[in-house]
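> Whatever this is, show me its structure:
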Amino acid sequence: MLDDRRKACLAAMGIPLWEQRRPATAEAPELPAPTAETEVEPPPAAPAAEPPPAAEPARSAPTPSDPSALDWDGLEAAVSHCRACSLCETRTQTVFGVGDRQARLMIIGEAPGAEEDRQGEPFVGRAGQLLDNMLAAIGLSREQVYIANILKCRPPSNRDPRAEEVVACSGWLARQIALVEPELILAVGGVAAKNLLDTDQSVGRLRGRVHALGEAQVPLRVTYHPAYLLRRPEEKAKAWEDLQAVWRQLHGGTVQ
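Residues are numbered from 1 along each chain as shown. Sure, this is the predicted structure:
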């Protein structure tokens, strides 16, 4: 450190004075205080993240259309895709119905058997052949009537239909009846008769008279199932009586 006297001497000799200087430090420039005119706007806030889209609710299995609104094509398509009961898991195919869709006589059986399940048509095999012969006896062919069943799918091992299965199929059959508009229904077998008439009475008690089905009060008669007649041929005479009654009701006369 130089004292004042030595500094004065060096200055007089023209020798510049050397002083250790501190290294310059970078200082942030002082910003003027904002005024009303020069107030700095804060940077725009980042846009809020959009919430993730709500998960779509789980879709339930499609339900069949209201049968009462379906025409024949729509009804047959709906039946073929029906999964309203567990029989859809064991069927080969549905058995919709066959015959004249404007028939005067509609025949309703109980459920498809093994052969019906394979062919997709009601009343085939031995029972179907007997039914054809029964119709021929009163001057009718299979093509002149409409044939359907209480169930559209075969129950395993040809067991009787269960209550929930009948309920699941009831709308399909009701629509078939409404579309055909038959003058007379012939229920063949106890399962068909009891479910259509909502009764526990046997075929023996139900046959021989005219019943009324549903709100439309469609006339209905009852007879034995062809499969039962194959096992009990002695009952064929009673079935023939029932067929004559059907003919008289349709034609107003006696069988020749």
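
> model confidence over stretch 203-212, on average?
Across stretch 203-212, the average pLDDT comes to 97.

> which residues are contacting that stretch?
Contact with stretch 203-212 is made by 189-190, 193, 197, 199, 218-224, 238, 241-242, 245, 249, as judged by C-beta atoms under 8 Å, 6 or more residues apart in numbering. C-beta: built from backbone N, CA, C; applies to glycine.

> run the last query once more with 10 Å
184-185, 187-194, 196-197, 199, 217-225, 228, 235, 238-239, 241-242, 245, 249 (C-beta atoms under 10 Å, 6 or more residues apart in numbering).

> Just the buried residues of whichever strand or helix holds residue 73, please?
If you go by DSSP states H and E, residue 73 is part of helix 72-80. Neighbour counts over helix 72-80 (16 or more other C-beta atoms under 10 Å) mark 75, 78, 79 as buried.

> Could you do stretch 141-159 as well?
Under the neighbour-count criterion of 16+ other C-beta under 10 Å, stretch 141-159 has 142, 145, 146, 147, 148, 149, 150, 151, 152, 153, 154, 155 buried.

> Tell me, what's the model's pLDDT at the third one?
In other words, residue 146. For residue 146, the model assigns a pLDDT of 98.

> Identify, from the buried residues of stretch 141-159, the entry nearest to residue 175.
residue 148 (10.5 Å; C-beta to C-beta).

> Give the helix, strand or coil label for that closest one.
strand (DSSP: H, G, I helix; E, B strand; the rest coil).

> distance of it from residue 232?
Residue 148 sits 24 Å away from residue 232, going by C-beta to C-beta, to the nearest Å.

> Out of the contacts of stretch 203-212, which end up buried?
Going by neighbour count (16+ other C-beta under 10 Å), the contacts of stretch 203-212 have 184-185, 187-194, 196-197, 218, 220-225, 228, 238-239, 242, 245, 249 buried.

> contacting residues for residue 110?
122, 149-151, 155, 158, 160-161, 166, 187-195, 225, 227 are the contacts of residue 110 under C-beta under 10 Å, 6+ apart.

> ends of stretch 216-225, how far apart?
For stretch 216-225, the first and last residues are 25 Å from each other (C-alpha to C-alpha, to the nearest Å).

> gap between that stretch and the chain center?
From the chain centre to the centre of stretch 216-225 is a distance of 29 Å (C-alpha atoms, centre = their mean, to the nearest Å).

> swap in stretch 131-146?
When C-alpha coordinates are averaged (C-alpha atoms, centre = their mean), stretch 131-146 and its chain have centres 34 Å apart.

> Out of the buried residues of stretch 141-159, flag the one nearest to residue 92.
Among the buried residues of stretch 141-159, and counting by C-beta to C-beta, the member closest to residue 92 is residue 154, at 7.6 Å.

> Going along the chain, name the strands of this structure.
98-99, 105-109, 146-149, 184-188, 211-213, 218-223 (DSSP state E).

> Provide the strand pairings for the third one, with the direction of each partner.
In this case it means strand 146-149. In the sheet, strand 146-149 lines up against strand 98-99 (antiparallel), strand 105-109 (parallel) (DSSP bridges).

> The closest residue to residue 166 other than its chain neighbours: how many residues sit nearby?
Sequence neighbours aside, residue 195 is the residue nearest to residue 166 in space, at 5.3 Å (criterion: C-beta to C-beta, 6 or more residues apart in numbering). Neighbour count for residue 195, taken as other C-beta atoms under 10 Å: 21.

> Hmm, residue 195 is touching residue 162, no?
No - using C-beta atoms under 10 Å, residue 195 is not in contact with residue 162; the gap is 11.0 Å.

> so what sits against both of these two?
Listed as contacting both residue 195 and residue 162 by C-beta under 10 Å, 6+ apart are residue 151.

> how many other residues sit next to residue 205?
Neighbours of residue 205 under the rule other C-beta under 10 Å: 12.

> any idea how far residue 214 is from it?
Distance from residue 205 to residue 214, by C-beta to C-beta: 21 Å.
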